[in-house]
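# Below is the sequence, then the predicted model.
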Amino acid sequence: MKGVKKLRGIEQLKNHYGHMFTLPWLIGIIIFFIIPLIQSVWYSFAKISVVENGIETKFIGIDNYKQILEADPNYTKWLSSGITSFFYTLPLIILVSMVLAMLLNQKFVGRLFFRALYFLPVIIASGVVMTLIFQTTSSDMGSMGVSDTYTSNMFSVNDIIGWLQVDGKVAEYVILVINKIFDLVWQSGIQTVLFLAGLQSIPSSLYEASKVEGATKWEEFWFITFPMLSQVTLLVAVFTMVEIMTNTRSTIISNIYKMMSSGVYDETSAMIWFYFLVGGGLMALVLFLYNRFLMKRWE
Amino acid sequence: MKESIIKSSVVDKSKLKRGGKTAIGLVYSLFRLIILLSIGFIIMYPLFYMIVTSFQSKYAFLNSTRVWIPSDTAIVKNYKVAIDCLDYGKALLSTLKNEISSALLQVVSCAVAAYGFARFNFRGKKPMIFILFLTILVPDMILIIPRMVNFSHLDFLGIFGLINKLTGIDLRLNVLNTSWTFWLPALFGVGLRSGILIYIYMQFFRGLPRELEEAAWVDGAGPIKTFLAIAVPSSGVAILTVTVFSLIWHWNDSLLCGIYLTNDFPLAMTLKDIETTIGIKYNMLVNYTNPEAMAYLMAGCVLFVMPMLIVYIILQRWFIESIDRVGITG
């Protein structure tokens, strides 16, 4: 009895040290995260004028939001383009990175080389370089273009689509996807890494058991790999959604950033908050659907 | 023990496969190789393009066979111009001073916080973990303007402001345009993408066996000593992963420094503006019809990417292994 009590005392003392380890972080979080977060909400409802040392704020209610949604002709356009890209990029990045990870997880000669190669985008896929390369190569370039013309020439997508006589909207989507292949592969670096780590953690005994039971490759994927990756998929989905929404190359972010740099603080605060409320809603929707339809199935 | 059994079974399996190579298996591995190579090509293409273009001279467009092997080269001149436009030496120094130093600071400060979260149960842990995930979700764009305003009157929780109101002495410093704007958040473990770094550490520390730490505890080592002598030495993989990510993200950051600094920009920022700089300094428009300007631009990109690429080539063996073992996905 006494021993238990003593142990509890140690546990309590130990847990006190938890505060010690996390205290600097807590202070930092309050100064550099929570306070700025509240200030940012305040700014979005205020009129900001830059004065000699700092800024002056005056509460004006929802005028900033009214301004960006009704008076500003560009904002809604940027917003809709941001949301569209969200919907087609998210499933594609997850798909591409999952397939890449599964390829890299197999045993073959030169696997280490390919792994090193496939992680390269994680290293150099910086916003700045990507913008410079893809801007100058995709939009202006003729036969040398990377993103647009290059892939469609390479696979002659238009011909195939014309030949198959698919529906116009579907064809549009297919072309969009193929044109984005470069972009996609370059964006799914970290996701591939995460999936690969997830694949490595699946115990091989499961596969052996399924082999004994005579499962096909497809069944193996659908009943073992995919369910075992459900946690990782969730992590990847969240990470990808945040990445897509904060991608500095997207129209909306780059334009807001430009306005910010030129000193418009009140309207841009409202713009970002509205954008991220919409984005947060989308994220919640995706996570809800994922839980409802996929996680439930496996339980 | 367990691992070795698993390993031996894997080896056996692969041996079996290699022994029983069928036609379908052969076709499949050929198919796989083609896919791997074509995706490898997609990944390498922009890099090749960058390097080849950075070599070309202004007469390059007269020669149509120049796509892969540059025929008219002006390497030295291109790179000289690019170094000049990027202000390479000064910008590199600024990157080291502002970004790399805070990247390394974060490696330490995030480990401390993550150890606290992973090993101890304390009051208020749950809401703190919730806030940690919030920091991953909330983008820097929302915080950047208020932070800038606060940095112009640096104040710790309103204490200095109170002193100012009571006594009239203004202790609040303007740290904008100094390295403190990067160092301070990094020091507290709330810098660039610190949430993800803490999360990686946390998952790793949770996976470490408790026994060693408990033994040290029984032997009378305090929490700090346990952390430094037991936890840190056995988490090399996690430290490597976090260091690489932290370095890359800081190296590539052009969002924060564009707002916090007004001169003496780091490399990512000078690269971002390189099109304008080329336009001003050499009086030319950067687009695809001007091979000379494109060469300068791509030389700038190569110069920017190269240091990180070298770091990656040196570290890649350990880095790729460490990612498998660090257990990010928990």
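The structure has been received and is ready for your questions.
# looking only at pLDDT, what's the mean for stretch A:74-85?
The average pLDDT for stretch A:74-85 rounds to 88.
# List the buried residues in that stretch.
Neighbour-count burial for stretch A:74-85 flags A:75, A:78, A:79, A:82, A:85 (criterion: 16 or more other Cβ atoms under 10 Å in any protein chain shown). No exception for glycine: its C-beta is placed from N, CA and C like everyone else's.
# Which residues does stretch A:87-104 contact?
A:111, A:114-115, A:118, A:173, A:176-177, A:180, A:184-185, A:187-188, A:191-196, A:198-199, A:225, A:229, A:233, A:236-237, A:240-241, A:244, A:286, B:32, B:35-36, B:39 (Cβ atoms under 8 Å, 6 or more residues apart in numbering or on different chains).
# Give me the pLDDT for the residue nearest the centre of chain B.
By Cα atoms, centre = their mean, the mean C-alpha position of chain B lies nearest to residue B:248, the distance being 2.0 Å. Reading off the confidence values, residue B:248 has pLDDT 89.
# Could you measure from it over to residue A:122?
Going from residue B:248 to residue A:122 by Cβ to Cβ, to the nearest Å gives 7 Å.
# re earlier: looking at the buried residues of stretch A:74-85, which are in helices?
Using DSSP state H, the members of the buried residues of stretch A:74-85 that fall in helices are A:75, A:78, A:79, A:82, A:85.
# Closest to chain B out of those residues?
residue A:82 (12.5 Å; Cβ to the nearest Cβ).
# Excluding chain neighbours, give the residue nearest to that closest one in space.
residue A:252 (4.3 Å; Cβ to Cβ, 6 or more residues apart in numbering or on different chains).
# is it true that the one you found touches residue A:84?
No. Counting by Cβ atoms under 8 Å, residue A:252 does not reach residue A:84; the two are 11.1 Å apart.
# Which one of the residues in the stretch 201-330 of chain B is closest to chain A?
Counting by Cβ to the nearest Cβ, the stretch 201-330 of chain B gets nearest chain A through residue B:252, at 3.2 Å.
# Can you tell me the number of residues neighbouring that residue?
A total of 25 residues lie near residue B:252 under the criterion other Cβ atoms under 10 Å in any protein chain shown.
# Give the buried subset of the contacts of stretch A:87-104 as a PyMOL selection command.
Buried residues among the contacts of stretch A:87-104 (16+ other Cβ under 10 Å), as a PyMOL selection:
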select buried, (chain A and resi 114+115+118+180+184+185+187+188+191+192+193+194+195+196+198+199+225+229+233+236+237+240+241+244+286) or (chain B and resi 36+39)
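# excluding its backbone neighbours, what's nearest residue A:55?
Counting by Cβ to Cβ, 6+ apart, the residue nearest residue A:55 is residue A:48, at 5.3 Å.
# Run through the bridge partners of that neighbour.
residue A:57 (DSSP bridges).
# I'd say it and residue A:265 touch.
Yes. Assessed by Cβ under 8 Å, residue A:48 is found in contact with residue A:265 at 4.7 Å.
# Identify the contacts common to these two.
Going by Cβ under 8 Å, 6+ apart, residues that sit against residue A:48 and also against residue A:265 are residue A:55.
# JSON lines please, covering the ones in helices among the buried residues of stretch A:74-85 and showing distance to residue A:280.
Putting these into JSON lines (distance: Cβ to Cβ, whole Å) gives the following:
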{"residue": "A:75", "distance to residue A:280": "18"}
{"residue": "A:78", "distance to residue A:280": "17"}
{"residue": "A:79", "distance to residue A:280": "14"}
{"residue": "A:82", "distance to residue A:280": "13"}
{"residue": "A:85", "distance to residue A:280": "16"}
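# Below-threshold pLDDT in chain A: ranges please.
By pLDDT under 70, the low-scoring segments of chain A are A:1-11, A:52-54, A:125-127, A:134-168, A:171-179, A:295-299.
# how does it divide into domains?
Residue ranges for the domains of chain A, per automatic domain parsing: A:2-42, A:71-127+A:187-298.
# could you measure the closest residue to chain A within the stretch 151-300 of chain B against residue A:33, distance?
Per Cβ to the nearest Cβ, residue B:188 is where the stretch 151-300 of chain B lies closest to chain A, at 2.4 Å. Distance of residue B:188 to residue A:33, computed by Cβ to Cβ: 10 Å.
# repeat for residue B:220
The value you get for residue B:220 to residue A:33, if Cβ to Cβ is used, is 37 Å.
# Who has more neighbours out of those two?
Each of residue B:220 and residue A:33 has its neighbours counted (other Cβ under 10 Å); residue A:33 has more, 22 against 7.
# and that one, helix, strand or coil?
Following DSSP: H, G, I helix; E, B strand; the rest coil, residue A:33 is assigned to helix.
# list the contacts for the residue most central in space within chain A?
For chain A, residue A:240 is the residue whose C-alpha lies nearest the centre (Cα atoms, centre = their mean; 2.0 Å). Residues near residue A:240 by Cβ under 8 Å, 6+ apart: A:89, A:90, A:93, A:94, A:191.
# with these in mind, which one is nearest to chain B?
Chain B has its nearest neighbour among the contacts of residue A:240 in residue A:191, at 11.4 Å by Cβ to the nearest Cβ.
# thinking again about what came up before, I'd like the domains of chain A laid out as TSV, including distance to residue B:80.
Formatted as TSV, those follow (distance: least, Cβ to Cβ, whole Å):
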stretch	distance to residue B:80
domain A:2-42	41
domain A:71-127+A:187-298	23
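# ok, back up a step: return the distance of the helix or strand where the residue nearest to the centre of chain A lies from the chain's centre.
Here residue A:240, judged by DSSP states H and E, is contained in helix A:230-246. Counting by Cα atoms, centre = their mean, to the nearest Å, helix A:230-246 is centred 5 Å from the centre of its parent chain.
# is chain A contacted by the helix or strand harbouring residue B:269?
Assigned by DSSP H and E, residue B:269 falls within helix B:267-272. Yes. Helix B:267-272 lies within reach of chain A by Cβ under 8 Å from any Cβ of the partner chain, at B:268, B:271, B:272.
# how about those in TSV, adding neighbour count, distance to residue B:144 and pLDDT?
Shown next, in TSV, are these (neighbours: other Cβ atoms under 10 Å in any protein chain shown; distance: Cβ to Cβ, whole Å; pLDDT from 0 to 100):
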residue	neighbour count	distance to residue B:144	pLDDT
B:268	25	15	90
B:271	28	20	89
B:272	21	16	87
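# As a markdown table, these with distance to residue B:143 would be great.
Shown next, in a markdown table, are the residues of helix B:267-272 next to chain A (distance: Cβ to Cβ, whole Å):
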| residue | distance to residue B:143 |
| --- | --- |
| B:268 | 19 |
| B:271 | 24 |
| B:272 | 20 |
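# Return whichever strand or helix holds residue B:199 as CSV; C-alpha atoms alone will do.
Remark: residue B:199 resides in helix B:194-207, with elements defined by DSSP H and E. Written as CSV, here are the backbone C-alpha positions of helix B:194-207 (Å, rounded to 0.1, in the frame of the first residue of the first chain):
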residue,chain,number,x,y,z
SER,B,194,7.0,23.6,-36.0
GLY,B,195,3.8,21.7,-35.4
ILE,B,196,4.7,19.0,-37.9
LEU,B,197,8.2,18.7,-36.5
ILE,B,198,6.9,18.3,-32.9
TYR,B,199,4.5,15.7,-34.2
ILE,B,200,7.3,13.7,-35.8
TYR,B,201,9.3,13.8,-32.6
MET,B,202,6.3,12.9,-30.5
GLN,B,203,5.5,9.8,-32.5
PHE,B,204,9.1,8.7,-32.2
PHE,B,205,9.5,9.4,-28.5
ARG,B,206,6.3,7.4,-27.8
GLY,B,207,7.7,4.5,-29.6
